[in-house]
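Asker: quick one: sequence and predicted model below, then my questions.
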Amino acid sequence: MTDRPDLAAMISPLSRALIDAELPVLREHGLSMWAYSVLLALDERPLRTQSALADSIGADKTRIIGFLDDLQRRGLIERTPDPADRRARLLSLTAEGRRVRDSAQADIRRKEERLLARLPDEDRHGFLRALRVLSALPPEEITGA
């Protein structure tokens, strides 16, 4: 037996608490968690289809259509015909979408800084480095599938 809980047993409550901390910040910026996920996924590069976007954020493609419609109506994203395939739509951030995303992210990071300040600098940097490495792994590498 080990002297620590399973990773999921430690990460799940932390993840839920972080999401709970983000929700009021996102509401202040007029965003839902899914809308914010879309803005983060689009970042600086357009995605070719709604399906590719849905895959990148772990959502059902039919579930995000309403969020995309709302983000487009608000001028935060654009859906333009793909010159290579007029049936496909390129999804990209507008300047206003970048501004809203960056502002929400800055407010979230300020909240995160208060949490991370509980760790000594060395532990903090190691924790963030480890999270970057582990979160970049493909799911099948984690599950062993």
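Answerer: Great, that's in hand.

Asker: going forward, measure contacts between C-alpha atoms and count neighbours the same way
Answerer: Fine.

Asker: host element of residue 137?
Answerer: Following DSSP states H and E, one finds residue 137 outside all helices and strands.

Asker: how about the strands of this protein, start to end?
Answerer: Assigned by DSSP state E, the chain shows strands spanning 77-82, 85-93.

Asker: tell me the buried residues in the shortest one?
Answerer: By neighbour count, with 16 or more other C-alpha atoms under 10 Å as the criterion, the buried positions of strand 77-82 are 77, 78, 79.

Asker: ok, now which ones touch residue 97?
Answerer: By C-alpha atoms under 8 Å, 6 or more residues apart in numbering, the contact list for residue 97 reads 39, 75, 76, 77.

Asker: CSV for those residues, including pLDDT and distance to residue 15?
Answerer: What follows is the contacts of residue 97, written out as CSV (pLDDT from 0 to 100; distance: C-alpha to C-alpha, whole Å):
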residue, pLDDT, distance to residue 15
39, 94, 20
75, 97, 30
76, 97, 27
77, 95, 27
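
Asker: apart from its neighbours in sequence, what residue is nearest the spatially most central residue of the chain?
Answerer: Residue closest to the average C-alpha location in the chain (C-alpha atoms, centre = their mean): residue 37, at 3.8 Å. Leaving out its chain neighbours, the residue that sits closest to residue 37 by C-alpha to C-alpha, 6 or more residues apart in numbering is residue 57, at 6.5 Å.

Asker: burial measure for that neighbour, as a count.
Answerer: Close neighbours of residue 57, defined as other C-alpha atoms under 10 Å, add up to 15.

Asker: hang on, the earlier thing: I'd like the buried residues of strand 77-82 as a markdown table, with distance to residue 32 appended.
Answerer: Formatted as a markdown table, those follow (distance: C-alpha to C-alpha, whole Å):
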| residue | distance to residue 32 |
| --- | --- |
| 77 | 15 |
| 78 | 18 |
| 79 | 19 |
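
Asker: send the alpha carbons of stretch 122-132 over as PDB?
Answerer: Extracted C-alpha coordinates of stretch 122-132, given in PDB (Å, rounded to 0.1, in the frame of the first residue of the first chain):
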ATOM      1  CA  GLU A 122      10.300  25.400  -5.700                       C
ATOM      2  CA  ASP A 123       7.200  23.300  -5.200                       C
ATOM      3  CA  ARG A 124       5.000  25.700  -7.100                       C
ATOM      4  CA  HIS A 125       7.200  25.600 -10.200                       C
ATOM      5  CA  GLY A 126       7.600  21.800 -10.000                       C
ATOM      6  CA  PHE A 127       3.800  21.400  -9.600                       C
ATOM      7  CA  LEU A 128       3.100  23.600 -12.600                       C
ATOM      8  CA  ARG A 129       5.800  21.900 -14.700                       C
ATOM      9  CA  ALA A 130       4.300  18.400 -13.800                       C
ATOM     10  CA  LEU A 131       0.800  19.500 -14.600                       C
ATOM     11  CA  ARG A 132       1.900  20.800 -18.000                       C
END
